[in-house]
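**Q** Here is a sequence with its predicted model. Questions after.
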Amino acid sequence: MIDLNKNIENNIIINDFIFDDFEKNFLEYYFLEKVPYFFNRGTTYKNTFKKDKNVNDSPQLTHIYFGYNSREQKCYSNSEFSKVTLLVIKKTFNFFCLNNFNLIRAKSNLIIQNENKNSSYHPPHVDYTTNHFVMLYYVNNSDGDTHFFNKDNKMFYSCKPKKGRIVMFDGSILHSSSCPSKTEARCVLNVNFYKKKYD
């Protein structure tokens, strides 16, 4: 099993070869043309990042496929469109031999082109404060990099959206999206998961 705590690029794994061209094209069509999206005023619910002239939030559209019931401590399907999303997750987990992990949440984020925000990025954040990992699947080719920040709030790495690209990283790493300024839209499947604990 791959150790997600010990990998290249400061605990960031990037893989462009899990999905074939047919799968990539179908997933692009599915997530951009078939899935309905819902409006959010910002990309994160709470901005705890220090004020920075480069930080500039924007609205995004989202669709949540799986959510987590903290009382029952299990994940549940939140959408009739969850089956295709689950196939993406299972294929990626199987590729990396991730057998002992549970889902917390899976959603897709759709950010529309904004030509005025080509030098800014959204508020750096973590998705959850508990121990977890993040998997990103880039649905389409676009600009609007994903940025990663160290504990001193300094950007140390940026990843360009590429159709079919998988990125996985420790959920404690601050990260942010950014608006596409040259392409029509940026669509990413965002999956949060954690390692099972055994008595």
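**A** Cool, got the structure. Numbers count the residues shown, from 1 in each chain.
**Q** What strand or helix carries Val167?
**A** Of the helices and strands defined by DSSP states H and E, Val167 is found in strand 166-170.
**Q** got it, and Ile89?
**A** Counting by DSSP H and E, Ile89 is part of helix 82-95.
**Q** Residues in contact with that helix: which ones?
**A** Contact with helix 82-95 is made by 15, 18-19, 27, 30, 65-66, 79, 98-99, 101, 103, 106, 108, 135, 137, 166, 168, 189, 191, as judged by C-beta atoms under 8 Å, 6 or more residues apart in numbering. The C-beta positions use only the backbone N, C-alpha and C, and glycine is treated the same way.
**Q** what pLDDT does the closest residue to Tyr194 other than its chain neighbours get?
**A** Once flanking residues are discounted, Tyr194 sits nearest to His132: 4.5 Å by C-beta to C-beta, 6 or more residues apart in numbering. At His132, the pLDDT value in this model is 93.
**Q** which strands and helices sit next to the following helix or strand past the strand holding Val167?
**A** Using DSSP H and E, the helix or strand that directly follows strand 166-170 along the chain is strand 174-176. Packing partners of strand 174-176 (3 or more C-beta pairs under 8 Å, 6 or more residues apart in numbering; DSSP states H and E): strand 146-149.
**Q** continuing past the strand it packs on, what's the next helix or strand?
**A** strand 155-159.
**Q** Give me the sheet partners of that next one and which way each runs.
**A** Paired neighbours of strand 155-159 in the sheet (DSSP bridges): strand 146-149 (antiparallel).
**Q** Not counting its own residues, what contacts the strand it pairs with?
**A** 10, 12, 121, 124, 136, 155-159, 161, 167, 169, 173-178, 188.
**Q** average pLDDT for that strand?
**A** pLDDT averaged over strand 146-149 gives 94.
**Q** what are the C-alpha coordinates of it, in CSV please?
**A** Listed next in CSV are the C-alpha coordinates belonging to strand 146-149 (Å, rounded to 0.1, in the frame of the first residue of the first chain):
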residue,chain,number,x,y,z
THR,A,146,-4.3,24.6,-7.4
HIS,A,147,-1.8,26.2,-5.0
PHE,A,148,-0.2,24.7,-1.9
PHE,A,149,1.1,26.6,1.1
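**Q** Can you give the distance from it to the centre of its chain?
**A** Offset of strand 146-149 from its chain centre (C-alpha atoms, centre = their mean, to the nearest Å): 12 Å.
**Q** cool, and stretch 139-158?
**A** 11 Å.
**Q** helix or strand right after the helix or strand of the chain at the bottom of the mean pLDDT ranking?
**A** Sorting the helices and strands of the chain by mean pLDDT, DSSP states H and E puts helix 8-11 at the bottom, at a mean of 50. As assigned by DSSP H and E, the chain's next helix or strand after helix 8-11 is strand 12-15.
**Q** Quick check: can you name the pairing partners of that following strand and their directions?
**A** Taking DSSP bridges as the criterion, strand 12-15 forms sheet pairs with strand 166-170 (antiparallel).
**Q** Could you write out the alpha-carbon coordinates of the partner strand in CSV?
**A** The C-alpha trace of strand 166-170 is given here as CSV (Å, rounded to 0.1, in the frame of the first residue of the first chain):
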residue,chain,number,x,y,z
ILE,A,166,-5.3,12.9,-10.2
VAL,A,167,-3.7,14.8,-7.3
MET,A,168,-3.7,13.4,-3.7
PHE,A,169,-2.2,15.0,-0.6
ASP,A,170,-2.4,15.2,3.1
